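> Next one to model:
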Amino acid sequence: MSNETQLLRFITAGSVDDGKSTLIGRLLHDSKSIFEDQYSAISKTSEKRGMAAVDLSLLTDGLQAEREQGITIDVAYRYFATPKRKFIIGDTPGHEQYTRNMVTAASTANLAIILVDARKGVLTQSKRHSYLASLLNVPHVVLAVNKMDMVEYSQARFDEIVAEYKAFAAQLDLHDVHCIPLSALNGDMVVDRGENLDWYKGPALLDLLEKVEIDHDVNTNDFRFPVQWVCRPQTNEHHDFRGFAGRIEGGEISVGDEITILPSGRTTTVKEIVTYDGNLATAFAPQSVTLTLSDEIDISRGDMFVKSSAHAPKVEKEFEATLCWLSEAPLDKSRKYLVKHTTRSAKCLFSRLDYRVDVNTLEQHAVEKLNMNDIARVAIKVQSPLVFDSYDIDRATGSFIVIDEASNNTVAAGMIA
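Below is the predicted model:
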């Protein structure tokens, strides 16, 4: 397997008992991605519970509280790979009170699998998770109609659910929706096609995960490079070296390109693109590189490089955002918090709370405070200017977290409007 194999991050979400953990267990088992001792352990646990077959959901429901309750609470991450692609799976909670867990997992996902029980159809929680996937701009969505074995693999039932879901999805900004019938329990259309869904002519789930196009899931047009570290080696050999290290969050850069440093507005050109494996002529998002410049300019962590001729980000002290409140302690409008955006941090105040979104009905309600799992539209003022894009343009430069200075806890995650 090549080191250049693409990485796909995806999450599973849906209502309680739709089979999220079983689906991931089936993916891991049928793609030969678990060890014998893991399989032996869950086999023994299944046998103790009096189950006739091995409960593959135990591969992901790792917390003791989850095993006791038979539900998923935390985000359980699993890793596996095929010859075509590497995968990171996030098994997200189904309960509304764990909305913050799904927001955390979906913020970096390329794809979301929304599971629906074929017997129950599209439920409120299915719509809520689809809304969150839309809110977090997840590029690809798979509607996985699970438990088809419980409805005798009925094509009519599948078509009915797909029609209902697509009618709802039309209200959201979901760009790329695929619909797959499957049985996670029996393995039909998960890794192997099985023998019970001959009427379905599309790809099996793993086949789709291996082939879905993710090259353009990052902003390939606008060069964005937040400076993470100013590199000044204290050695005789490199005493004159001054480079700026970070990850390219959008677009590409080449030696000789003119760039602007924000927020100062100074301009210069790129002299070298340095990596661990040697210098490059051109680098692309999401590569991590060190850039050297033609001119000596005062640059520090948190500054951002952009191409001088390209679409410029905003440089402002006030902005509107959609916020998910993560903390058990409610938002206190009278106190200051810390915003961390890319590699820059700044003190902030919440100048306005516009409304809270009911994630089940999408209705907007006036609000005076935010509690844990609330999603709201807010206005924020920061002490020093931030360099940002809207979240729709670039997920990396359009997102931020809010930190409680007293406890150093992350209390909110936001998407800039």
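> element containing Phe158, please.
helix 155-169 (DSSP states H and E).
> what's that helix in contact with?
Helix 155-169 has contacts (CB atoms under 8 Å, 6 or more residues apart in numbering) with 114, 116, 118, 121-122, 126-127, 130, 141, 143, 145, 148, 151, 177, 179, 181, 199-200. Any C-beta I mention is one placed from the backbone N, CA and C, and that applies to glycine too.
> Among those, name the buried ones.
114, 116, 118, 122, 126-127, 130, 141, 143, 145, 148, 151, 177, 179, 181, 200 (16 or more other CB atoms under 10 Å).
> and Thr99, how many residues sit next to it?
As a burial measure, Thr99 scores 22 neighbours (other CB atoms under 10 Å).
> no no, Lys307
Neighbours of Lys307 using other CB under 10 Å come to 21.
> before we move on, back to that, can you tell me which of the buried ones among the contacts of helix 155-169 end up in helices?
Ser126, Lys127, Ser130 (DSSP state H).
> Read off the pLDDT value for the last one.
In other words, Ser130. In this model, Ser130 is scored at 92, pLDDT.
> Beta-bridge partners for the closest residue to it other than its chain neighbours, please?
Sequence neighbours aside, Ile114 is the residue nearest to Ser130 in space, at 5.7 Å (criterion: CB to CB, 6 or more residues apart in numbering). On the basis of DSSP bridges, Ile114 is bridged to Ala13, Leu143.
> you'd agree Ile114 is up against His140?
No - Ile114 sits out of contact with His140 when judged by CB atoms under 8 Å, with a separation of 11.2 Å.
> now the most centrally placed residue in the chain: how far from Pro83?
Among the residues of the chain, Thr108 comes closest to the average C-alpha position under CA atoms, centre = their mean, at 2.1 Å. Distance of Thr108 to Pro83, given as CB to CB, to the nearest Å: 24 Å.
> Let me know the helix or strand that Leu291 is in.
Using DSSP H and E, Leu291 falls in strand 288-293.
> And that strand, what's buried?
Applying 16+ other CB under 10 Å to strand 288-293 flags Val289, Thr290, Leu291, Thr292, Leu293 as buried.
> again with stretch 291-302
So for stretch 291-302, counting by 16+ other CB under 10 Å, buried means Leu291, Thr292, Leu293, Ile299, Arg301, Gly302.
> Turn those into CSV, columns for pLDDT and distance to Leu362.
Conversion of the buried residues of stretch 291-302 to CSV gives the following (pLDDT from 0 to 100; distance: CB to CB, whole Å):
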residue, pLDDT, distance to Leu362
Leu291, 97, 43
Thr292, 96, 49
Leu293, 96, 47
Ile299, 95, 43
Arg301, 96, 39
Gly302, 96, 36
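> if we take those, which one ends up nearest to Phe87?
The closest of these to Phe87 turns out to be Leu291 (CB to CB; 31.2 Å).
> tell me which element the nearest residue to the closest one once chain neighbours are set aside is part of?
The shortest distance from Leu291 to any non-neighbouring residue, by CB to CB, 6+ apart, is to Phe244 (5.1 Å). Using DSSP H and E, Phe244 sits in strand 243-247.
> which residue packs closest to Ser31, ignoring adjacent ones?
Val191 (5.4 Å).
> Distance of the one you found relative to Leu28?
10 Å.
> In this structure Lys86 contacts Thr5, no?
Yes - using CB under 8 Å, Lys86 is in contact with Thr5, at 5.3 Å.
> Overlap of the contact sets of those two?
Joint contacts of Lys86 and Thr5 (CB under 8 Å, 6+ apart) do not exist.
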